[in-house]
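Q: dropping the sequence and predicted coords here.
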Amino acid sequence: MADIAQTSFSQANPMAAALRASRLQILAIPVVMAIFALIMGNFANSFYLTAATSGVAISLSITGLAILYGQLGLVSLCQFALVGVGGWITLRLGHGFDLPYELNLLIAGIGASIVGIIFGLPALRLRGLYLALVTLMLAGIFQVIITAWNFPDGGDGFIGRAAGAGRQILEKPSLAPTPIAYFYYVVIIVTLGYMLAQWHRNAKPGRAWALIRKGQTTALASGVNILLYKLWAFALAGFLAGVAGGLLAGVAGQLDSRSFGASESLNLFALAVVGGVFNWYGALIAGLALRFLPAALQDFGAYLSVGIFGAALFQALAMEPTGVAGRLSLILGWFRKKLMPQKSTPQNAMSEGGARD
Amino acid sequence: MIETEGLTVRFGSVRPIDGLTARIDAPVAGLIGPNGAGKTTLLNVISGFVRPESGSVTIDGKSFVGLSPVERVRGGLRRSFQTEQVVEDLTVVQNVQAIADHLALGSSARSSVAQALQYTGLESVRDELGGSLNLFQRRLVEIAKCLVGEPKLVLLDEPGAGLSNEEGEQLQRIILGIPEQFRAQVLVIDHDVDLIRAMCEQTLVLDYGKMLALGPTAQVLESDSVRQAYLGEL
Ligand SMILES: Nc1ncnc2c1ncn2[C@@H]1O[C@H](COP(=O)(O)OP(=O)(O)OP(=O)(O)O)[C@@H](O)[C@H]1O
Ligand SMILES: [Mg+2]
């Protein structure tokens, strides 16, 4: 794992740093998302709009994975289980109480964040393959529980399951009652989530994570409380997953326990790497791929997209550690250079814009 | 002031520090000795990364026994490493900020970071990534990190290794100014005896865990035992 991270660091360069350091970069997120939302909102048919809504929602949980893996080199294979936790809480609250949807999302985020910290505890001792295996087992445990309970659908009691005809659909937020409005709603909340994650990367936690990545000794010698900052990363990743789950529950008003198997968490991690864990838009690319590819390829059988994801993961691990987003960033940097040639010397044109901004 | 009393460190059957009792009080002091003499181990003990089997370390009269490395950093102890540890994908200023973050400096954090960068002459490269720096600049970043937030004791592990003569002279000036500018004591390890001679009032010579000599640098470097055990080897 360390090797992968290392390779990508060497692609970093001064121009990227200047960009990263600037506040402008965090503001690029809402601008790009607004353009994306307007295009999708105006041109997608209802089938693709639904796919885009859930893809964007899921991408928020991928942002959490990108923090864990890109910032700390930690492989967590239970992220989709945390999406499930957030979804469960949102459905439970939505059916049981009359709170605003936004408050439910917040509680779902906090709830999943707490579970995320608990899931992250093994990470304080384990690394690499062992951590991956332990988190995969946790995802397995969630699969067992959620298969037994299933998601709340308006019934009584803590588990909230209704028998047969009593089943209910969760209402969409009062701010966004229609599918198209809900799409924009999801985009706005996910954009805020992306910005929260990006802020973390650029601020004190990001610097502490960078030191931990460099080595425990270095981090300690700089006064970093390693335990705190590792758990912080897990808390943030859990929070983003929980909110993602709450948003996902609103797409169809229900969730199916069968789509929360441990293998989904594996898939999610693979796509996070393919999309790119060092750029904020890597998660968006990954989330959309996760929903669009299977939709586009459904005539060819369910496993073709899994095969494609697998091949893409292999390609990313072997040759493209910064993922699709990293490649895109290099291309954008090249264009930026073409448009503003006076700002730099020709020899670093290709690396400009950086793989990690 | 660094005082050790009967300090012993054991790794299995090896005793890289063996009953060391020393009192280092010069503003800039040197620590020399052949490879494997226990120099880095002494730094590790002082900074809390290695627990001694027995003995004690006091800094400015305060015992550091039982304090974690992080607590020692908060108490004013700073160190660099033999292999430089600059984070490649953080900028120079971010590398230095990364320690200021954890020192509870409040509103003075910015000026403290700026002062450290200015003092080490890194201001012109403050927004460059660590990965794009040359070795000298990296060493300076490490020193700048040591100067943030009222350091009391700065431990430098071979800061001059691999530098050109010119860079070495610049480094020397920077290190020499630390006690006055930052009111911190400096302990420097280096194999370059000329650099030590030029910078350090006092020098401790370690030889496989034992103290071979301690005193004014010129005197120490002249002594027969040191010339035989250490300089003769070079
Ligand atoms: N963590 C450790 N575990 C076991 N042995 C160690 C450890 N750290 C150091 N040693 C041993 O202790 C001895 C002293 O090592 P140390 O690194 O302190 O030497 P040094 O004086 O810094 O040498 P150099 O000039 O090569 O840096 C060596 O024999 C080394 O192998
Ligand atoms: Mg050493």
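A: Noted; the coordinates are in hand. Ligands and ions are numbered 1, 2, ... in the order given.
Q: if you tally nearby residues, what's the number for residue 63?
A: If you meant another chain, say so; for now it's chain A. Using other Cβ atoms under 10 Å in any protein chain shown, A:Thr63 has 30 other residues around it. Heads up, the C-betas are built off the backbone N, CA and C, glycines and all.
Q: think we crossed wires, I meant chain B
A: Other residues near B:Ser63 come to 12 when the count uses other Cβ under 10 Å.
Q: quick check: the gap between it and ligand 2.
A: Look at B:Ser63 and ligand 2: by Cβ to the ion, to the nearest Å, they are 25 Å apart.
Q: touching, that residue and B:Gly75? I think so.
A: No: applying Cβ atoms under 8 Å, one finds B:Ser63 not in contact with B:Gly75, separated by 11.0 Å.
Q: what lies in contact with stretch A:128-148?
A: Stretch A:128-148 is contacted from outside by A:1, A:74-78, A:80-81, A:84-85, A:88, A:119, A:122-123, A:126, A:257-258, A:260-262, A:265-266, using Cβ atoms under 8 Å, 6 or more residues apart in numbering or on different chains.
Q: and those, which of them are buried?
A: Neighbour counting with 16 or more other Cβ atoms under 10 Å in any protein chain shown marks A:1, A:74-78, A:80-81, A:84-85, A:88, A:119, A:122-123, A:257, A:260-262, A:265-266 as buried within the contacts of stretch A:128-148.
Q: ok, back up a step: so which of the contacts of stretch A:128-148 sit within strands?
A: Judged by DSSP state E, the contacts of stretch A:128-148 include no members of strands.
Q: contacts with ligand 2 among these, please.
A: Residues of those in contact with ligand 2 (Cβ under 5 Å from the ion): none.
Q: count the residues that sit near the closest residue in space to B:Gln181 that isn't next to it in sequence.
A: Distances taken as Cβ to Cβ, 6 or more residues apart in numbering or on different chains put B:Tyr119 closest to B:Gln181, at 6.2 Å, once the chain neighbours are dropped. By other Cβ under 10 Å, the residues close to B:Tyr119 number 18.
Q: how about B:Ser80?
A: Counted with other Cβ under 10 Å, residues neighbouring B:Ser80 total 25.
Q: return the distance of it relative to B:Pro69.
A: For B:Ser80, the distance to B:Pro69 (Cβ to Cβ, to the nearest Å) stands at 14 Å.
Q: avg pLDDT for stretch A:309-325?
A: Mean pLDDT, stretch A:309-325: 75.
Q: residues contacting stretch B:8-20, please?
A: Outside stretch B:8-20, the residues that touch it by Cβ under 8 Å, 6+ apart are B:4, B:6-7, B:36-38, B:41-42, B:45, B:50, B:52-55, B:206, B:208-211.
Q: again, only using 7 Å
A: With contact meaning Cβ atoms under 7 Å, 6 or more residues apart in numbering or on different chains, stretch B:8-20 is reached by B:4, B:6-7, B:38, B:41-42, B:45, B:50, B:52-55, B:209-211.
Q: what subset of these is buried?
A: B:Thr4, B:Leu7, B:Gly38, B:Thr41, B:Leu42, B:Val45, B:Val50, B:Pro52, B:Gly55, B:Gly209, B:Met211.
Q: of the residues you listed, closest to A:Phe97?
A: B:Val50 (55.4 Å; Cβ to Cβ).
Q: once you drop chain neighbours, what's closest to the closest one?
A: In space, B:Val50 is closest to B:Asn44, 4.0 Å off (Cβ to Cβ, 6+ apart).
Q: after the host helix or strand of that neighbour, which helix or strand is next?
A: Using DSSP states H and E, the element containing B:Asn44 is helix B:39-46. Remark: after helix B:39-46, the chain's next helix or strand is strand B:54-59, criterion DSSP H and E.
Q: where in the chain is pLDDT low?
A: Going with chain A. Applying pLDDT under 70 to chain A flags residues A:1-24, A:298-302, A:340-357.
Q: please refer instead to chain B.
A: For chain B (pLDDT under 70), the answer is B:230-234.
Q: and with 90 instead?
A: Chain B contains residues with pLDDT under 90 at B:12-14, B:34-36, B:61-66, B:89, B:104-108, B:192-194, B:207-209, B:221-234.
Q: helices of chain B, residue ranges please.
A: B:39-46, B:69-74, B:92-100, B:109-119, B:135-146, B:165-182, B:193-199, B:217-222, B:224-229 (DSSP state H).
Q: how close does the residue of the stretch 101-250 of chain A found nearest ligand 1 get to B:Leu90?
A: Ligand 1 sits closest to A:Thr217 of the stretch 101-250 of chain A, with a gap of 10.9 Å, by Cβ to the nearest ligand atom. Using Cβ to Cβ, we find A:Thr217 at a distance of 17 Å from B:Leu90.
Q: higher neighbour count, those two?
A: B:Leu90 (26 against 16).
Q: is it true that that one touches A:Arg207?
A: Yes: between B:Leu90 and A:Arg207 there is a contact under Cβ atoms under 7 Å: 6.4 Å.
Q: intersection of neighbour lists for those two?
A: B:Ala98.
Q: quick one: A:Leu129 from A:Val75, how far?
A: Distance of A:Leu129 to A:Val75, given as Cβ to Cβ: 8 Å.
Q: in three-state terms, label the one residue sitting closest to the centre of chain A for me.
A: With distances taken as Cα atoms, centre = their mean, A:Ile62 lies nearest the centre of chain A, 1.7 Å away. When classified by DSSP: H, G, I helix; E, B strand; the rest coil, A:Ile62 comes out as helix.
Q: sounds good, over and out.
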